[in-house]
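Student: Quick one, fold the following:
(2 chains, ligands or ions: 2)
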Amino acid sequence: MHKIKITLNNEKRLVDIEPHEILLDVLREKLGVKSPKCGCDRGDCGSCSVLLNGKSVRSCLILAVEVDGQEIVTVEGISKDGLSKVQESMIDNNAFQCGFCAPGVIISATELLNNNPHPTREEIKEALSGNLCRCTGYLPILEAVENATKEGNNE
Amino acid sequence: MSDLKFVGKPIVRIDGKEKVSGATHFTDDLEYGSNLLYTALVESTEAHALIKHIDISEAQRFPGVIAVFTGKDFPYKFGLYMKDRYIFAMDRVRFVGEQIAAVVSRDKRIAERAAKLVKVEYEALPALLDQMEALKKDATLIHLDLGDYIHVPWFFPQAKTNIAHWRKTRRGDIKKGFAEADYILEDTYSVPRYSHCPIETHAAVGLCDLSGRLTVWASSQSPHTQRNLFAEALAPLGFTHKDIRVIAPPIGGGFGGKAGVSMEILAAAMATKLRGNPVQVIWSREREFYNTSQRLGVIAKLKIGAKKDGTFTAIDHRLYWDAGASAEYGANVVNAIGLSATGPYRFPIIFIDSVCLYTNLPPCGAYRGFGYSEFMFGLESHIDRIAAYLKLDPVAIRKKNAIKEGDILAYGVPMNPSGLHKAIEAVEKEIEWGKKVKSDDPHKAIGKGFSLIWKAPAMPPNASSAAFVKFSEDGSLNILVSGMDMGQGFLTVMAQIAAEILTVPVSKIRTENPDTDRNPYEWQTVASHVTWSCGNAVKNAAINARDQIFEVIERACVLPKEQLYLEDEKVKCKTKPDFELPLKDFVINGIQAKDGTFRGGPILGKGIFMPEFTSAYSDPETSQGGHPNVHYTVGAAAIILEVDKDTGKMHVKKAVEAIDAGKAINPDLVKGQITGGLLQGLSTVLYEDIRYDDKGKLLNPNFTDYKIPTAKDIPDEIVPIIIEVPQPDGPFGARGVGEHTMIPAAPMIANALQDALEIRVKTMPITQEKVALTYLKNKEK
Ligand code: FES
Ligand code: FES
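Tutor: Numbering: from 1, shown residues only, chains lettered A, B, ... in the order given. Ligands and ions are numbered 1, 2, ... in the order given. Next comes the predicted model:
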């Protein structure tokens, strides 16, 4: 057992882990954060995406020991003080159907807009190309991200 | 109906906030407590073999293992339309991946390690990996006791063969039909299997408490059907319907793959022997690929006769379906197509054979489109080819033959009202049909492709829906239904329907996914029928609540109920303009009379809907005499496709799809279905390419090797068009559209390639490589 210390959604957390444990499992099963989903377990689908020190990563590909001392933000963290522009825009643009991919999409879009507040459609496509969605046909997602950038920066 | 307030409006989804905030908890997100048990499966490595011996002793001894189950523990059959499946394989295995045993532990990794210690001894049997092989007279039998299987009365399995069902539809003298033709085209088209790929894999948790109550949480399109099938399968253990409860949390996509019962029965069955412990079964992505139902593959032999002017004289359509190792659901796909393989066309003379064959590949079942995408690939390709031969325009020939209201369908019933011709015209205009588009790049060619759309819900004749609506003290509403919102927006649409009748705004309505204990009956969320069927039930429930409201006002306020109406959440009276009673003042607590007593009480509406006109009984040799389908939804679609002549790479520049929704209860959601369904369809033509080795093992069970599109692979532009020719028995005229949206994708690509490069691809998928090679071969000729 290892004890690791992380900042999860702005809160300091201590958690006991085995060295082989995957970040996605630790988040879901030991830390009670359920928005990162497992869609493939091998880095293909993006539904397990979380922000690690502000960078979008696939939590199914990361060992929990690797994140000791670092900062993780999930969709729960983004939603705590009300929805972000991206989230609002996703609702308005019908940018999800089943919604299983939505947390991963929101993480990728958040990272993008944090670094590039006014991306082109091609840049949005590029940023979201690691998030598989089987329901929406992506167009409404692209529109949602685009619209989220319209009235100033995303916060 | 122009003064509708909620129906027909692009109201945002009622589950929006939950879905984007991470609050939506899918089956695997729920907490089942520290008693949760994990399972690991032992699966067949053989496509077809006798099980000589299973040795579980080492696995049982492994520290931390709680139980190991095999077929002996549950020798029960199950199946929706045909009981041809065991919970675990019994004496034989029929596909690679079939579950043979399960190891249960409190620790996931222990279960997985112990599962590797289970030893299975096989005696290999010849494996049938191709439906045409399975059809042969002397083929090895996959189900020896097929003749004894319990099945629905409209299936015709043939004992001592691999034919699980054979649907024959006949009208007129087929020889005469072709004799009248000036041109006859005969060819074969093939479509392989496909995988549904919902991003949420299958998950189920069963808990049998110490009183013997069995609860199953499942990512499911069919909570009530599951309860029914669990009760039937587990009856030998003493379970009845009242002992079983299925809770359906929100589902992360289904597309037909989560219809009926598949792996969920493992969680249910194992829980009965591990009382007091929730037992979790969850499919990894790999297992999702090879141990859940897939889309059936088909080889379609098609012959159409036409007159010089393009009028069709006859169709002979023989479809041979690969249903895999179990046909319990897939045979109904075959049945549906046997009744509908004319497509949306008028054929005076019809000969259809739709044959469901067992093979030693994973079982197949429902998949968005329910067989229509598969046969329409051949049919719509064929029509373009006939048009070319007759020197007719592909759209003109479609217009000439496209079915109209009142035309007699293949099985002898008149066609429902339809906006098919309007849809064709709308698409023709939007895509600028007839106007050639040229690429500036000499390496690229651009073509246009057209296709019609049609599909009927395939359901048992007594498939029904039910609903309750109940008020809260503030006049807000809960709707209780058992349809599933799997992303299509069902819950929102139901709220809009209730809102329209009761004048309560959608923002004050809550609708949740069901629990079979609490929610009234729904057959299943399949067949694109819930908007229509459950929509009717909700409408009836709302009308029932309204009647109760008027009745109590009549008693309490002495106003004739005929004069009462609802507006803005208030009861008003036509003859007394100053009368106005807000719903919230009485829908729970009733109305107080002068003497202090009360009239009324909680308002609780109930509604049901069953289409009482359908019947599955017909002549098995001709399919005439019954009324199997409730109605068809139709439409048209076209694309502009750009192809790189050197590499075969294709890019859809524009896609237009028009669907006759009857009435779009929520136009935004209908458009969402069109965008999503069309891409799913394009995915099956352009990207997804399932591969098995010569031993029946799936070679690409992951998203690295089985490609589905990303945001970079979408058309530049998709134009959804909604046509509204009301369905007379639909709620506000509505019909379902969800599945239809993917149907035209494959033939449109094939037809656009013909237009762009003069090549004809008759086998799916139409990959870049296939296009490049076909083009090259064509050039060399
Ligand atoms: S679960 Fe991590 S990328 Fe799919
Ligand atoms: S909304 Fe279902 S996977 Fe994206």
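Student: for the residue nearest to residue B:415 when sequence neighbours are not counted, what are its contacts?
Tutor: Using Cβ to Cβ, 6 or more residues apart in numbering or on different chains and skipping the chain neighbours, the partner closest in space to residue B:415 is residue B:407 (4.8 Å). Placement of C-beta: from N, CA and C, glycine included. Listed by Cβ atoms under 8 Å, 6 or more residues apart in numbering or on different chains, the contact set of residue B:407 reads B:346, B:414-415.
Student: Can you tell me which of the residues you listed has the most neighbours?
Tutor: residue B:415 (19 neighbours; other Cβ atoms under 10 Å in any protein chain shown).
Student: Look up the closest residue to residue 130, ignoring the ones flanking it.
Tutor: No chain in the question, so chain A it is. What sits nearest to residue A:130 in space, not counting adjacent residues and going by Cβ to Cβ, 6+ apart, is residue A:46, at 4.5 Å.
Student: Actually, chain B is the one I wanted.
Tutor: Distances taken as Cβ to Cβ, 6+ apart place residue B:359 nearest to residue B:130, at 6.8 Å, with adjacent residues excluded.
Student: Wait, the one you found touches residue B:321, no?
Tutor: No - at 9.5 Å, residue B:359 does not count as touching residue B:321 under the criterion of Cβ atoms under 8 Å.
Student: joint contacts of those two?
Tutor: Contact criterion Cβ under 8 Å, 6+ apart; residues shared by residue B:359 and residue B:321: residue B:131.
Student: so the residue positioned nearest the centre of chain A, which of the three states?
Tutor: With distances taken as Cα atoms, centre = their mean, chain A has residue A:107 as the residue nearest its mean C-alpha position (2.8 Å). Under the three-state scheme (DSSP: H, G, I helix; E, B strand; the rest coil), residue A:107 adopts helix.
Student: ok, and the closest non-adjacent residue to it?
Tutor: Nearest in space to residue A:107, with sequence neighbours left out and distances taken as Cβ to Cβ, 6+ apart, is residue A:49 at 4.1 Å.
Student: One more: residue B:667?
Tutor: Computed as Cβ to Cβ, 6+ apart, the closest residue to residue B:667 that is not its neighbour in sequence is residue B:10, at 5.3 Å.
Student: secondary structure class for the one you found?
Tutor: Following three-state DSSP, the label given to residue B:10 is coil.
Student: Can you verify my assumption that it contacts residue B:665?
Tutor: No - at 10.4 Å, residue B:10 does not count as touching residue B:665 under the criterion of Cβ under 8 Å.
Student: Tell me the strands beside the helix or strand bottoming out on mean pLDDT in chain B, with direction?
Tutor: In chain B, the helix or strand scored least confidently by mean pLDDT, DSSP states H and E is strand B:77-78, which has a mean of 92. Strand pairing for strand B:77-78, determined by DSSP bridges: strand B:85-86 (antiparallel).
Student: Touching the partner strand from outside, list them.
Tutor: Strand B:85-86 is contacted from outside by B:71, B:74-79, B:326, B:328, B:363, using Cβ under 8 Å, 6+ apart.
Student: Now that we have these, which of them are buried?
Tutor: The neighbour count (16 or more other Cβ atoms under 10 Å in any protein chain shown) marks B:71, B:74, B:76-79, B:326, B:328, B:363 as buried among the contacts of strand B:85-86.
Student: of those, closest to ligand 1?
Tutor: Ligand 1 lies nearest to residue B:363 out of those, by Cβ to the nearest ligand atom, at 25.4 Å.
Student: which residues in chain A form helices?
Tutor: Using DSSP state H, the helices assigned to chain A run over residues A:23-25, A:75-79, A:85-92, A:102-115, A:121-128, A:139-148.
Student: how about a markdown table for those helices, with mean pLDDT and distance to residue B:310 added?
Tutor: Listed next are the helices of chain A as a markdown table, based on pLDDT from 0 to 100; distance: least, Cβ to Cβ, whole Å:
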| stretch | mean pLDDT | distance to residue B:310 |
| --- | --- | --- |
| helix A:23-25 | 98 | 58 |
| helix A:75-79 | 98 | 55 |
| helix A:85-92 | 97 | 46 |
| helix A:102-115 | 98 | 47 |
| helix A:121-128 | 98 | 42 |
| helix A:139-148 | 97 | 36 |
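Student: which one of the ones you listed is the most hemmed in?
Tutor: helix A:102-115 (a mean of 25; mean count of other Cβ atoms under 10 Å in any protein chain shown).
Student: list the helices and strands that helix packs on?
Tutor: Packing contacts for helix A:102-115, counted by 3 or more Cβ pairs under 8 Å, 6 or more residues apart in numbering or on different chains; DSSP states H and E, involve strand A:49-52, strand A:55-58, helix A:75-79, helix A:85-92, helix A:121-128, helix A:139-148, helix B:16-21.
Student: who touches the first one?
Tutor: The reference is to strand A:49-52. In contact with strand A:49-52 (Cβ under 8 Å, 6+ apart) are residues A:23, A:27, A:36, A:56-59, A:62, A:67, A:70-74, A:103-104, A:107-108, A:110-111, A:130-131.
Student: tell me how far stretch B:449-462 is from the chain's mean position?
Tutor: Centroid separation for stretch B:449-462 versus its chain: 11 Å, with Cα atoms, centre = their mean, to the nearest Å.
Student: Now do the buried residues in it.
Tutor: Here stretch B:449-462 shows B:449-461 as buried, counting by 16+ other Cβ under 10 Å.
Student: one step back: out of the contacts of strand B:85-86, which touch ligand 1?
Tutor: Among the contacts of strand B:85-86, proximity to ligand 1 is found for none (Cβ under 6 Å from any ligand atom).
Student: right, and the pair among the residues you listed with maximum separation?
Tutor: B:75 and B:363 (19.0 Å; Cβ to Cβ).
Student: Ligand 1 is nearest to which of the helices and strands packed on helix A:102-115?
Tutor: Closest of the helices and strands packed on helix A:102-115 to ligand 1 is strand A:55-58, at 4.4 Å (criterion: Cβ to the nearest ligand atom).
Student: Can you show me the CA trace of that closest one as PDB?
Tutor: C-alpha atoms of strand A:55-58 as PDB (Å, rounded to 0.1, in the frame of the first residue of the first chain):
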ATOM      1  CA  LYS A  55      -3.800  19.100 -19.100                       C
ATOM      2  CA  SER A  56      -6.300  16.600 -20.400                       C
ATOM      3  CA  VAL A  57      -5.100  13.000 -19.900                       C
ATOM      4  CA  ARG A  58      -6.700   9.600 -20.200                       C
END
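Student: do it and chain B meet at all?
Tutor: No - contact of strand A:55-58 with chain B (Cβ under 8 Å from any Cβ of the partner chain) is absent, the minimum separation being 12.4 Å.
Student: Contacts for that strand next, please.
Tutor: Applying Cβ under 8 Å, 6+ apart, the contact partners of strand A:55-58 are A:43, A:46, A:48-51, A:107-108, A:110-111, A:130.
Student: Could you please name the strands it pairs with and the direction of each pair?
Tutor: Here the strand partners of strand A:55-58, with direction, are listed using DSSP bridges: strand A:49-52 (antiparallel).
Student: Surely residue B:82 touches residue B:155?
Tutor: Yes - if you go by Cβ under 8 Å, residue B:82 and residue B:155 touch, sitting 6.0 Å apart.
Student: the more surrounded of those two?
Tutor: residue B:82 (25 against 21).
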